[in-house]
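In: Here is a sequence together with a model predicted from it:
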Amino acid sequence: MAKRGGFPGGMPGNMNNLMKQAQKMQKQMEEATRELEEKEITATAGGGAVEVTISGKKEVIKVKLAEEVVDPDDIEMLEDLIMAATNEALRQIEEYSTQSMSKITGGLGGGFPF
């Protein structure tokens, strides 16, 4: 009776190597994710008048305003500065995340080479 499926004698060497590489990559990605979650990025707007710090989890953890930027007659400008600083911090954390993951994947382009 003929065998169905599988490889006679177990996994071939290439498949075994591929599995080891995938496990190593998974561990590196988990470590990079933990590192990213602990990362803090601070961005400013208005020449430093507004400073926003976000975590790697993309949560705002600190907002600092220079006293001179708080003008009750121009709330809209303050809102715009806070938004600009927050968006810049989010952009920077996304860039950091992308660079961190691309170091691990080695430019696989979202897939495995098989």
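Out: Sure, I can see it.
In: Could you report the pLDDT at residue 41?
Out: Residue 41 carries a pLDDT value of 93.
In: for it, phi and psi?
Out: Per-residue torsions, residue 41: phi -120, psi 130 (degrees, to the nearest 10).
In: That one reaches residue 93, doesn't it?
Out: Yes. At 4.8 Å, residue 41 counts as touching residue 93 under the criterion of CB atoms under 8 Å. For glycine as for every other residue, the C-beta is placed from the backbone atoms N, C-alpha and C.
In: what do those two both touch?
Out: Residues touching both residue 41 and residue 93 (CB atoms under 8 Å, 6 or more residues apart in numbering): 54, 56.
In: quick one: the helices in this protein?
Out: Assigned by DSSP state H, the helices in the chain fall at 13-38, 75-105.
In: Could you list the buried residues of the shortest one?
Out: Residues residue 36 are the ones in helix 13-38 that count as buried (16 or more other CB atoms under 10 Å).
In: Just list what it packs against, helices and strands only.
Out: If you count contacts as 3 or more CB pairs under 8 Å, 6 or more residues apart in numbering; DSSP states H and E, helix 13-38 packs onto helix 75-105.
In: Equivalent analysis for the longest one, please.
Out: Packed against helix 75-105, as judged by 3+ CB pairs under 8 Å, 6+ apart, are the following elements: helix 13-38, strand 40-45, strand 50-55, strand 60-65.
In: between these, which gets nearest to residue 83?
Out: strand 40-45 (8.2 Å; CB to CB).
In: Alright, that wraps it up for me.
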